[in-house]
Structure formats: C-alpha cells, structure tokens
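1. okay, predicted coordinates and the sequence, questions at the end:
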Amino acid sequence: MSQSGTLILIMAIAVLAPLLAYALGRWLPVPLVIFEILLGILIGPDVLGWAHRDDVIDVLSQLGLAMLIFLAGYEIEFGKVRGDTLKRSVWSWLIALGLGLGLGTLLTHLGDDGGFHHGVFIGTALTSTALGTVLPVLRDSGELGGRFGTVMMAFGSIGEFGPIIAMALLLSGRSAWQSTALLAAFAVLTAAAVLWAMRPKPPWFSRIIARTLHTSGQFAVRLVVLLLALMLGASQALGLDVLLGAFAAGLITRLVLGGAAPESSGEILEKVEAMGFGFLVPVFFVVTGVEFDLRSLLDGGRALLLLPVFLALFVLVRGLPVYVLAPRDLGRRDRTALMLFSSTALPLIVAITTIGLDDKVLAASEAAALVGAGMVSVLVFPLLALKCRAGAGPMPKLGRVEAESW
C-alpha cells in the first residue's frame, strides 16, 4: 500500500480505537493503547499486510514516542514527589535495576545468547513503569488526588525516569566515563533551563499567552513545541537518547507555564494533549503494532515461553521491591495495588527493544516477547490493581502541605 494509504489506515485506527474502548468499557475497562496496538498488528505484514513502514511513518512514530515521554515528564508534580516517599521510590528502582541486570544476563546465558550488553537491554526493560498509561486510569477512578495517587506518582516517576537514565548510561555503546560525562553535560544544560524556567517572566510574556490562547497565534503551544525541539536537539547533539530530552522538556515546560501563566496552564496542557493524544501518540502505538513480529512469537519455541516469563519478571523485578519499600501507612491491599501499577510497562519497553533491534543485539523473537508481555501487563495489571484498591477503602485527599511533608 502507498505511503498515504498507510497513514489513512493508521488514522482510521486512531478513530476506531476509542470507540471500541468506550463500547467494551461498559463491561471491561481496556486501556486504549491495547486496541491501537492490536489493530496495528491486524493491518501489519504478519496478518492482513495492508500497512508497511516508510520514512514518513517512522518520523511520525518517533515524534509520537517523544510526545508520550514529554507528557509523562509534564505530569510530575515536584510538590508531591519528595521526602521519604521519594527516597523509597528511588531505592526500590535501584534494587529493581540490580535484579533486572542480573536476571537479564542470566536469561541470555540460558538462551546461549551471551553477553552482558544483551542482558542490559532486557534488564533495563524490566525496570520500567508505564506512568503515562497508569495516570489516566488513576485520574478516571478518582485516585490521582489522594494519598495513593501521590505515592504512585512518586514510584511511577522514578520508574519512568530511571530507565531513561540507565539507557543513556548503559545502552549508548560508549565507555562508562564518556556516558557519565555527556550525561553530566546534559544535566547542566537542563539545570540552566530549569533556572530560566523558574525566573519571574516579564508581564508581556503572560499577556501574550493569554491573548493568543484562542487565536491562530497560539504562542504558548508553539513555545511548548520549541522547548521540546530544543531539548531533543540537545540530547541528540550530546549523543544521548532523545527520550531523555523529551522527559526533561516536560519537566521544564511545567515549570515555565506554572510560573508564567498558572491560570492558563491547564488549558495549554489540554491543547498539547490534544496534539499528542489526538495525533502523534496513536501513530506511535499503531506503528508499534504494525512492526510487531507476530510470526516470531507464534512460531512457538523460546519466544512464546519467554512472554509469561517476562510478565512474571515485571512483578518480581519491578513490583516486589515496590511492595517491600512502599510507605508504611499503606495497607496490604494498597501495597499490592501499588506493586501491580508499578509493574505495568509498555512504552519504554518498545523504545528499548527498538534500540536493541537497530543495534542487532536483541533477536526479533525476544523483542516480540517483551513487547507482548508489556501489552498483557497494560491490559491485566491495572484492572487487578483497581480491584485491590476497591477492597482497600478510600484514602484521604492531600493538601499541598501534607503532600510536601511526605
């Protein structure tokens, strides 16, 4: 099919997916991303063969991934991610990284693939949390503003940010000191951008934002896109993964809009989300389905066996440390829900396996098993977590002072 035909199919799926999610949601709430990926598999080369990759589709897909990570970075509220809860979330992820690298390397040796570098790809993927997928679930269930939502924000933020840092350090192909030096240079650039973002802006800045918010000027939205492009460019110039730049851009944008136009920041975010979730992000997930190697998974053998193994490892590697180190005021059912939400993974798994395939380190069957396990985790774990939360009883809403004390 032609380039335009593939794009039409992708956008048709982007329209169809929320309709299916809404129709099925009356009986079983299924995350939208599942429909986008499954329908992408359906039109892909392994099933109907209607859609194929090309340069334009690849660029749109990469922009969609960058926008997804950008919005995840924007979601982080610094006032809520701090104190003892932040320490516990950091330690839980570091323990997960150690477990993931060890088990990932062990799996490669058992499969005769060998090599620590191979194990790093698998181990890093096992430590991620799909914060961008979990937050809408928490928001729709009314949990995001409470104590449980605050804790999940902290653990999920580290589960999103930690693997991106690990990718920059461990998956770049450079020596450890070179990667550290480049990461430090990027940190300095990001810190300078944060300081600029936190400085008071002149009165004309907020006036232009307000005056163009409902005109064709759209100054605020264009500024957001510029910040994203600058951070993507900075990360690429330093030889770091662009996901790191996208995440940093989200953090910086929140500070800029929160300081310069707090009364309009919510509406600006809605416009950016409309651009992201209305166009770019669905393209990324549908293309993920189109590129999914279904044949390698269904041929049987090791790939099919690895899918449930990886699914169990998500809980063991990422979830178990979260359960053990969860704040003490959370009961057993809340800890279980936190463990399941934290074990939900997909976007970063897709990013990591894509890099692994491009570098010819991961086999197509392994990448398919990892992505397949991520899809199952997105479908199953949030539903189980919500059932745990339903039986745990409500937790109190938090004021700003209470949130900062945790």
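-> Good, I have the coordinates.

2. drop to CA atoms for contacts and neighbour counts, all remaining ones
-> Will do.

3. can you count the residues close to Glu263?
-> Using other C-alpha atoms under 10 Å, Glu263 has 13 other residues around it.

4. in which helix or strand does it reside?
-> Assigned by DSSP states H and E, Glu263 belongs to no helix or strand.

5. ok, it to Leu240 distance?
-> For Glu263, the distance to Leu240 equals 35 Å [C-alpha to C-alpha, to the nearest Å].

6. residue ranges in this structure under the pLDDT threshold?
-> 1-3, 77-82, 109-116, 144-145, 171-176, 300-301, 391-406 (pLDDT under 70).

7. which SS state does the residue nearest to Val286 when sequence neighbours are not counted fall under?
-> Counting by C-alpha to C-alpha, 6 or more residues apart in numbering, Val286 lies nearest to Gly40, which is 4.5 Å off, once chain neighbours are set aside. Here Gly40 is recorded as helix under DSSP: H, G, I helix; E, B strand; the rest coil.

8. look up how far Phe284 lies from Gly40.
-> 10 Å.

9. next one: Met339
-> Using C-alpha to C-alpha, Met339 is found at 27 Å from Phe284.

10. and what of Gly156?
-> From Gly156 to Phe284 the distance is 21 Å (C-alpha to C-alpha).

11. then Leu362?
-> 21 Å.

12. more crowded one of those two?
-> For Leu362 versus Phe284, the count of surrounding residues by other C-alpha under 10 Å is larger for Phe284: 30 against 23.

13. three-state assignment of that one?
-> Per three-state DSSP, Phe284 ends up helix.

14. residues touching the closest residue to it other than its chain neighbours, list them.
-> Leaving aside its sequence neighbours, Phe284 sits nearest to Ser61 (C-alpha to C-alpha, 6+ apart; 4.1 Å). For Ser61, the contacting residues are Leu280, Val281, Val283, Phe284, Phe285, Val287, by C-alpha atoms under 8 Å, 6 or more residues apart in numbering.

15. repeat for Ala326
-> Applying C-alpha under 8 Å, 6+ apart to Ala326 gives the contacts Thr85, Arg88, Ser89, Arg335, Leu338.

16. and if you look at Gly258?
-> Ser265.

17. just the element for it, please.
-> helix 242-260.

18. what are the contacting residues of whichever helix or strand comes after that helix?
-> Using DSSP H and E, the next helix or strand after helix 242-260 towards the C-terminus is helix 265-275. Helix 265-275 is contacted by residues Leu71, Leu213, Ala220, Val221, Leu257, Gly258 when judged by C-alpha under 8 Å, 6+ apart.

19. between these, which sits nearest Pro31?
-> Taking C-alpha to C-alpha as the measure, Leu71 is the one of these closest to Pro31, at 17.2 Å.

20. which strand or helix spans that closest one?
-> Assigned by DSSP H and E, Leu71 falls within helix 55-75.
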